[in-house]
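>>> quick one, fold the following:
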Amino acid sequence: MTDGVSEELKEKVLKYLGTVSKAKNRDVARAIEVDKPLVDKAIGELAREDKIAYIYLGTSYIQLKK
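Okay, the predicted model is just below:
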C-alpha cells in the first residue's frame with residue numbers, strides 16, 4: 001500500500017463535511033470513527049485536490065469547497 005490514504009476514507013470525510021457547515025479535524029475523526037492522524041492525512045490530500053478549504057475564524061476549520 002502507498003503512503004496515501006484510501007479513497008474510501010476520503011469519501012467518508014467528504015460525506016461528513018457535507019452534513020456540517022464547518023468542522024475541526026478532530027470532530028471529523030470522532031464522527032467517522034477513524035484515528036485522527038489518518039483523518040489529518042486524508043484532509044491534507046483533499047485540500048491538495050482542491051475539494052475542501054481551510055477557513056480561519058480565530059482557529060482553523062475545514063469545509064467543502066463552494
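>>> can you name the next helix or strand after whichever strand or helix holds Y16?
Assessed by DSSP states H and E, Y16 sits inside helix 7-17. Sequence-wise, the next helix or strand downstream of helix 7-17 (DSSP H and E) is helix 25-32.
>>> buried ones in the helix or strand that that following helix is followed by, by neighbour count?
Once the chain leaves helix 25-32, the next helix or strand it forms, by DSSP H and E, is helix 36-48. Using 16 or more other Cβ atoms under 10 Å as the test for burial, helix 36-48 gives 39, 42-43, 45-46. Heads up, the C-betas are built off the backbone N, CA and C, glycines and all.
>>> can you pull up the most central residue in this protein?
I43 (3.7 Å; Cα atoms, centre = their mean).
>>> mind listing what's buried in the helix holding Y16?
9-10, 12-13, 16-17.
>>> so what's the gap between the lowest-mean-pLDDT helix or strand in the chain and the chain middle?
Lowest mean confidence among the helices and strands of the chain (mean pLDDT, DSSP states H and E): strand 60-64, at a mean of 92. Remark: strand 60-64 is offset 8 Å from the chain centroid, using Cα atoms, centre = their mean, to the nearest Å.
>>> many thanks, we can stop here.
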